[in-house]
Each structure stands twice: as C-alpha cells, then as structure tokens.
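J.: below are the sequence and a predicted model; questions follow.
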Amino acid sequence: MTDGPEAVNRFVPVRPACYHRPMKPLPALICLALMAACAPPPLYHKAGADPALAEARRTQCEVAALREVPRDIRTTYVPPRYMPAPFFDAHGHRWHGFVLLEPGRTESYDANAALRARVVDQCMAEAGFRPVRLPACPPDIPAPAPGAAQPPLGPASCARRTPEGGWQIVTPG
C-alpha cells in the first residue's frame, strides 16, 4: 500500500525533480561575479596626462552629466513565483497545491543611467581622453611612481590597483 506516489498511507510530499533546477547555475554565477569583481573598470586614457588631472576631469564630467541628464528612478514589481506540488494529508489523500519559490519584490533602477554614461564618455572625449579596457597587471610587473603621467598604450599595457583603491595604467618595457 505504500508503493508509488499515489499510496494511501503516504503523507510525506514527493519532492518534484524541478524544485532544485533554478539553483544549479548558482555556483557558476557566483564564480563569474567574483572574477568580474577582480577586473579593472573601464579607464580613461590620454598619453602624458596627469592621473590627478584625469580624475578631476572625470568628476567634472560626471557632475555635468548629472546636471544635463538627471536621475529618473523607476520602480517595478516582480510578482512571486510558485510551483505546483502534490501534498498528502494524514489519511493518505492527495491534493495539489503550490509551493512559493520566490516571493514578490520591488526593484528600482535609474532609467537615465546609460544615457548619463554616454554623456560622461562624450565629455571626456572632448577633453582628449578615450575609454579603454585593460586586463589587471600580473604581480611581477613593478608599480609606476605615484602620480606618474599616463604612458602610451601598447600591447602589454595593463591596469594596476593603487593603494588608495583606484586604478593606474602601466605599460611595461
């Protein structure tokens, strides 16, 4: 009498095979997020420019972009997600219900963020800086002197984290 999913004396719910499916890509996503956190962000480059001048110009461009393209915070509601599941009572009767997989939530985002980033890029381009994406420097490459001018870019150029938490462009050789 207790053999099979429709058994009379069975009151432990059967765990559906698809219940853990949303969790399988989670370890890969965590690894990807950790690797992305170690990569340098997009940097602005102009050969011979002082890094302090580049940072000051970027701040001016960000303030001007915020003035020209103000924040537009929008909120959306993401409904809850349910999954159908069989349940059994103490008398062995089977009935169908739903299991909550993910509760409903609200998400806020800035609808103008991408446009504001383009305005910052345009402002920096007008000042002679261009955005570059460089790999992180290996540990064996020596750090340049603090406040050294930005070197010309080459095939071996990379970005090194400064003690203050920023990034500095390095061209070995």
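T.: Yep, that arrived. Numbering: from 1, shown residues only.
J.: which residue ranges form the helices in the chain?
T.: For the chain, the helices defined by DSSP state H cover 26-38, 51-68, 113-126.
J.: so for residue 104, which of the ones you listed sits nearest?
T.: When the helices of the chain are ranked by distance to residue 104, counting by C-beta to C-beta, first place goes to helix 26-38 at 20.7 Å. (Each C-beta comes from the backbone N, C-alpha and C, glycine too.)
J.: ok, back up a step: dump the helices of the chain to TSV, plus mean neighbour count, distance to residue 153 and mean pLDDT.
T.: What follows is the helices of the chain, written out as TSV (neighbours: other C-beta atoms under 10 Å; distance: least, C-beta to C-beta, whole Å; pLDDT from 0 to 100):
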stretch	mean neighbour count	distance to residue 153	mean pLDDT
helix 26-38	9	21	62
helix 51-68	15	14	93
helix 113-126	15	16	95
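J.: now render the ones you listed as TSV, adding distance to residue 98.
T.: Listed next are the helices of the chain as TSV, based on distance: least, C-beta to C-beta, whole Å:
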stretch	distance to residue 98
helix 26-38	23
helix 51-68	45
helix 113-126	36
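J.: so which of the ones you listed comes closest to residue 152?
T.: So among the helices of the chain, helix 51-68 is nearest, using C-beta to C-beta, at 14.7 Å.
J.: run a quick neighbour tally on residue 109.
T.: Counted with other C-beta atoms under 10 Å, residues neighbouring residue 109 total 11.
J.: okay, the closest residue to it other than its chain neighbours and residue 62: tell me how far apart.
T.: Distances taken as C-beta to C-beta, 6 or more residues apart in numbering place residue 74 nearest to residue 109, at 6.0 Å, with adjacent residues excluded. Computed with C-beta to C-beta, to the nearest Å, the distance linking residue 74 and residue 62 is 21 Å.
J.: now do residue 121
T.: Using C-beta to C-beta, one obtains 11 Å as the distance from residue 121 to residue 62.
J.: next: residue 46.
T.: When C-beta to C-beta is the yardstick, residue 46 and residue 62 sit 17 Å from each other.
J.: same question, residue 115
T.: When distances are taken as C-beta to C-beta, residue 115 and residue 62 turn out to be 13 Å apart.
J.: go on, residue 43?
T.: Residue 43 sits 14 Å away from residue 62, going by C-beta to C-beta.
J.: check residue 156 too.
T.: As defined by C-beta to C-beta, residue 156 lies at a distance of 30 Å from residue 62.
J.: what bits of the chain have low per-residue confidence?
T.: 1-39 (pLDDT under 70).
J.: which residues of it fall in strands?
T.: Listed in chain order, the strands found in the chain under DSSP state E are 43-45, 73-78, 81-88, 94-102, 105-110, 130-132, 158-161, 167-170.
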